[in-house]
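> Model the structure of this input:
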Amino acid sequence: MPVLRGGQTADDFETLDIYFEEQVPEVPEKPLGVSQKVMGIIGYFQKGSPYEVHTVVGEKEFKQKMGDFIEKYTGSRAAYAALKRGVQKLILVNLRGNGAAKASITLKDRAAEAQDTLIIRKKDLGEIGNDCTVKVTDGDISGTFTITLTVPNMKPEIYSNLSSVQEAVDAINKLSPEFEAENANSKTEAPNNIPAVIEATKLAGGSDGTIPTTTSALTSLYKGGFDSNTGNKTGLELMKTSMEVTDITSDIFVSDAFNEELIKTAEKKNAFAYLPTALNTSPSAAAVKRETYDTEFAHLSIGHAKSKSKGWYVPVAVCDCIAHILTPVQDGTAGFTFADIESLDVPISDEDVELLTKSNVVCMSQIVDADGQLRYGLRSDYTLSKDKRLRQTYRRRVTSLIEKDYYIILAPYRSKHISPSVLEDVEAVTRKYFDDAKTAEIIQDYQVFFTPPEKIGNVDEFIEDLTVDLYNIADKIRVRLLSAADAM
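Here you go, the predicted model:
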């Protein structure tokens, strides 16, 4: 869905269905609102295909899909911080460097001169496959065999009473979430071509690949891309395909260039980005860096926070993202605390807080929480816009919520024949949505004008003009919805 911000016609922008033009009169008011938000993390995890977007809900599903919380996997550090603080749903993209490989084992048959008969591989590219095992025993029925496959911290997979290699291949490839199998086509005649009995034996050869050592290579890995030969996307390019993610960050500071890519993605997806800074960045350096940005779709967050329970560091940008996921739109995140943080890579003084807040850089320092406990908490909550009217984060969030919601509301009617009853339904759902938002004080007021039926070619032309007044401390903005035809 394209969004016109300061534009004149849709010709300047991507052409789809509904266009929003935002106007910003300088009238002070206050907004309230609630938005549904989903956190996305791009980084290194113990397992999980680098070619798939992984959705996890809760710690149990995280461990099933992405592996354990291990310090060397910086993505799992970020996910641990989110899940421990109370985030339930995560959208994750895993990364793998050059040379990443699947662990495997080749089983021999039962001939006197044993030949290769069955290859079993871990589906994931990565070292975790080297800790997986395969065990072969005789089956309960004469002439059969049983294969037991294990992954750390998961229930074993048991394939019982298999009568042939191909039966084992078919069963594993159909049923296993963790392994894949290949018939090595042993030349030994049955029944001696079935796998020989072995004790639990580890797979080998699994590799996470090489983590890039140069900034440009690391930026390229995190940015990702599209492989025209396989159709696979990776990195940020893969994250862009998620229809659910609303808040995006990375597990480490990658580069200034990658932060710019996060901003571009947030602007295109009508989402929000949280930009890390490098380890040991000083407050003055962060304030200078902030001047290079001009967007209302991102935060710049200084620092790295150390976990009490794990002893590892995560970017404060991750904490900032967590806070916005857990906080209703009408509430700022300044004062949002984390009980599991014990220190920062660079201590922040009161003078630093004043400088960083003035510079619109999110920071963290010790504050007293609602229970009177001294905790580390966030100290500011401003976007990186150079326009003072656009720096309230929740102003952006409420506007994005309306833009996304209304686009979805019209979705069921786009394929329908335009009839009087359909138009009545569209008007009813439109008024109900905005009436409910007004009652909940998400918006202050709205005015809607409908196109005469005889002039409507499709449902997106039904709204002739829609203005929405939002409460805001600094200003009252108006969101004007235009049909595609009007915008053109």
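> contacts for stretch 301-309?
Applying Cβ atoms under 8 Å, 6 or more residues apart in numbering, the external contacts of stretch 301-309 come out as 77, 80-81, 84, 274-277, 279, 281, 283, 286, 312-317, 319-320, 338-346, 348, 356, 361-364, 376. For every residue, glycine as well, the C-beta is placed using N, CA and C.
> Just the ones of those in strands?
Those of the contacts of stretch 301-309 mapping onto strands are 274-276, 313-315, 338, 341-344, 364, 376, per DSSP state E.
> how about CSV for those residues, with distance to V398 added?
CSV is the format used below for these (distance: Cβ to Cβ, whole Å):
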residue, distance to V398
Y274, 18
L275, 22
P276, 26
Y313, 33
V314, 28
P315, 26
F338, 25
I341, 29
E342, 35
S343, 35
L344, 31
M364, 25
Y376, 28
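> Whichever of these end up buried, select them in PyMOL.
Buried residues within these, by 16 or more other Cβ atoms under 10 Å, are selected in PyMOL with:
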select buried, resi 274+275+276+313+314+315+338+341+344+364+376
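> Taking the ones in strands among the contacts of stretch 301-309, tell me the two that lie furthest apart.
L275 and E342 (23.8 Å; Cβ to Cβ).
> re the thing from before, return the member of the ones in strands among the contacts of stretch 301-309 nearest to E178.
The closest of these to E178 turns out to be V314 (Cβ to Cβ; 27.8 Å).
> what bridges to the closest one?
Beta-bridge pairing for V314 (DSSP bridges): A305.
> Which secondary structure state does K123 sit in?
strand (DSSP: H, G, I helix; E, B strand; the rest coil).
> Spit out the contact partners of it.
K123 makes contact with S49, K102, S176, P177, E178, F179, E180 under the criterion Cβ under 8 Å, 6+ apart.
> doesn't A81 make contact with D340?
Yes. Between D340 and A81 there is a contact under Cβ atoms under 8 Å: 7.3 Å.
> Those two: who's more crowded?
For D340 and A81, the more surrounded residue by other Cβ atoms under 10 Å is A81, and the numbers stand at 27 against 17.
> And the more buried one, how far from A112?
Counting by Cβ to Cβ, to the nearest Å, the separation of A81 from A112 is 57 Å.
> what ranges do the strands span in the stretch 301-450 of the chain?
Listed in chain order, the strands of the stretch 301-450 of the chain (DSSP state E, counting those that start in this stretch) span 304-307, 313-315, 337-338, 341-344, 364-368, 374-378, 445-450.
> With mean pLDDT and distance to K223 as new columns, can those be given to me in CSV?
Formatted as CSV, the entries for the strands of the stretch 301-450 of the chain read as follows, by pLDDT from 0 to 100; distance: least, Cβ to Cβ, whole Å:
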stretch, mean pLDDT, distance to K223
strand 304-307, 98, 22
strand 313-315, 98, 18
strand 337-338, 96, 29
strand 341-344, 97, 28
strand 364-368, 94, 27
strand 374-378, 95, 28
strand 445-450, 86, 39
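> Of those, which is nearest H54?
strand 313-315 (18.8 Å).
> Other residues contacting the closest one?
Under Cβ under 8 Å, 6+ apart, the answer for strand 313-315 is 74, 77-78, 81, 249-253, 276-277, 279, 301, 303-307, 345.
> which of those count as buried?
74, 77-78, 81, 249-253, 276-277, 301, 303-307, 345.
> Local confidence estimate at the nearest residue to F226 once chain neighbours are set aside?
The shortest distance from F226 to any non-neighbouring residue, by Cβ to Cβ, 6 or more residues apart in numbering, is to K233 (5.1 Å). pLDDT, K233: 97.
> Over to stretch 50-63 now: how far is its first residue from its last?
16 Å (Cα to Cα, to the nearest Å).
> any idea how far that stretch is from the chain center?
10 Å (Cα atoms, centre = their mean, to the nearest Å).
> what is the mean pLDDT for it?
For stretch 50-63, mean pLDDT is 96.
> now do stretch 103-121
For stretch 103-121, the mean pLDDT works out to 97.
> Not counting that stretch itself, show me its contacts.
102, 122, 126-130, 132, 134, 136, 147, 149, 165, 168-169, 172, 179-184, 186-188, 191-196, 198, 201-206.
> How about the secondary structure of Q36?
coil.
> Using CSV, write out every CA atom in stretch 289-309.
What follows is stretch 289-309, C-alpha atoms only, in CSV (Å, rounded to 0.1, in the frame of the first residue of the first chain):
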residue,chain,number,x,y,z
LYS,A,289,25.3,10.3,14.0
ARG,A,290,21.7,11.2,14.7
GLU,A,291,22.1,14.3,12.5
THR,A,292,22.6,12.0,9.4
TYR,A,293,19.0,10.7,9.7
ASP,A,294,15.7,12.2,8.8
THR,A,295,12.8,9.7,9.1
GLU,A,296,9.8,9.3,11.3
PHE,A,297,9.9,5.5,10.8
ALA,A,298,12.9,4.7,13.0
HIS,A,299,14.7,5.2,16.4
LEU,A,300,18.5,5.4,16.9
SER,A,301,19.4,3.7,20.2
ILE,A,302,22.8,4.0,21.9
GLY,A,303,24.4,1.3,23.9
HIS,A,304,24.5,-2.5,24.6
ALA,A,305,22.8,-4.0,27.7
LYS,A,306,24.2,-6.8,29.7
SER,A,307,21.9,-9.6,30.9
LYS,A,308,21.9,-10.5,34.6
SER,A,309,20.8,-14.1,33.9
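> Could I get the buried residue list for that stretch?
The neighbour-count check on stretch 289-309 (16+ other Cβ under 10 Å) flags 289-290, 293, 295-307 as buried.
> likewise stretch 281-291?
T281, P283, A286, A287, K289, R290.
> repeat for stretch 200-218
By neighbour count on 16+ other Cβ under 10 Å, the buried set for stretch 200-218 is L203, G206, S207, D208, G209, P212, L218.
> circling back to that earlier point, out of the buried residues of stretch 289-309, which comes closest to V368?
Among those, and counting by Cβ to Cβ, the member closest to V368 is A305, at 17.8 Å.
> That concludes my questions; thank you for your assistance.
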